[in-house]
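S.K.: Let's see this in three dimensions:
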Amino acid sequence: MPRANRHFLPGHVWHITHRCHKREFLLKFARDRRLWRYWLYEARKRYGLCVLNYIVTSNHIHLLVRDQGRGEIAPAMQLIAGRIGQAFNQRKGRKGAFWEDRYHATAVETGEHLTRCLVYIDLNMVRAGVVAHPSEWELSGYREIQSPPDRYRTIDQQALLEVLEIRTAEELRRSHRQWVEEALRSGRVGRDELWTEALAVGSLSYVKRVHDALGVGARKRAIEVVDDRACVREAPPDYTADYGPKIGVLRR
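M.R.: I've put the predicted structure just below:
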């Protein structure tokens, strides 16, 4: 399997995906998922990681961030992944890799494309058949956006308002709920490989700019137009999983 890409450009929004080694359900217990979110919070404090959305599933994570141009993403991801793997292996007396390969990053154009990516992340566990609504999954940005905690916030609400061009927190919560409910009503909850297999997703002009800026990293990748989106494809890491009878365990 090719190594997942991790190119970053200042000012861009990136959808990051990272899965557990061999697609194992190493994050099946809530305590481990909560620990992942704790280290996400620490990464925001230590490195200034600008978090826009996230979800921690039982065998992979989705993270939406804005690159602040300080080289903060790579050390933040190293901190989170390293501490989670170390804690799990120590507790279980386990040796070996916790994460599969490197994380994958997709540049996402702001505006409508970012809105769709935000909702795609929110609906991850609905898509897996584990919950009926994203509000039912504890370790998610959906809950934090809808009910921001008084302490230990991981999402930068002001940055999210800016990239979505929304003026107030109340308008953000209302619009966010509407986007999710509309996707649920219309049945738009299926897997969309572009969000996890592309170098960039957005309008044709945006993807061309990213393609040129990435230089050698994207030179051999052709720009494609899929439905109403342009993209530069990357060789796919497989994030699908057969939850099947394990769904009961995953609800913990």
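S.K.: which parts of the helix or strand hosting R174 are buried?
M.R.: Assigned by DSSP states H and E, R174 belongs to helix 169-186. Neighbour-count burial for helix 169-186, counted by 16 or more other Cβ atoms under 10 Å, picks out 172-173, 176, 180, 183-184. Backbone N, C-alpha and C define where each C-beta goes, glycine included.
S.K.: Rebuild those residues as JSON lines, extending it with distance to A43 and pLDDT.
M.R.: Formatted as JSON lines, those follow (distance: Cβ to Cβ, whole Å; pLDDT from 0 to 100):
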{"residue": "L172", "distance to A43": "23", "pLDDT": "97"}
{"residue": "R173", "distance to A43": "25", "pLDDT": "97"}
{"residue": "H176", "distance to A43": "23", "pLDDT": "98"}
{"residue": "V180", "distance to A43": "26", "pLDDT": "98"}
{"residue": "A183", "distance to A43": "29", "pLDDT": "97"}
{"residue": "L184", "distance to A43": "31", "pLDDT": "97"}
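S.K.: pretty sure L52 is in a strand, no?
M.R.: Yes: assessed by DSSP: H, G, I helix; E, B strand; the rest coil, L52 belongs to a strand.
S.K.: Which element, helix or strand, includes R167?
M.R.: Assigned by DSSP H and E, R167 falls outside every helix and strand.
S.K.: Look at the residue nearest to it when sequence neighbours are not counted and give its secondary structure.
M.R.: In this structure, R167 finds its nearest non-sequential neighbour in L161, 7.1 Å apart by Cβ to Cβ, 6 or more residues apart in numbering. Going by three-state DSSP, the secondary structure assigned to L161 is helix.
S.K.: residues touching L161, list them.
M.R.: Residues near L161 by Cβ atoms under 8 Å, 6 or more residues apart in numbering: 167-169, 172.
S.K.: I'd guess A107 is in a strand, am I close?
M.R.: Yes: under three-state DSSP, A107 falls within a strand.
S.K.: So it sits against P10, correct?
M.R.: No: assessed by Cβ atoms under 8 Å, A107 is found out of contact with P10, at 11.4 Å.
S.K.: out of those two, which sits in the more crowded spot?
M.R.: Neighbour totals were compared for A107 and P10, and A107 leads with 26 against 11 (other Cβ atoms under 10 Å).
S.K.: in the stretch 1-150 of the chain, which segments are predicted with low confidence?
M.R.: Filtered on pLDDT under 70, the stretch 1-150 of the chain yields the residue ranges 1-8.
S.K.: rerun at 90
M.R.: The stretch 1-150 of the chain contains residues with pLDDT under 90 at 1-11, 100-102, 150.
S.K.: Which parts of it are strands?
M.R.: Here the stretch 1-150 of the chain has its strands, by DSSP state E, counting those that start in this stretch, at 13-19, 50-56, 60-66, 104-108.
S.K.: want to throw the ones you listed into CSV with distance to A74?
M.R.: What follows is those, written out as CSV (distance: least, Cβ to Cβ, whole Å):
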stretch, distance to A74
strand 13-19, 11
strand 50-56, 14
strand 60-66, 11
strand 104-108, 10
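S.K.: who wins for proximity to Q146 among those strands?
M.R.: Closest approach to Q146 among these (Cβ to Cβ): strand 50-56, 11.8 Å.
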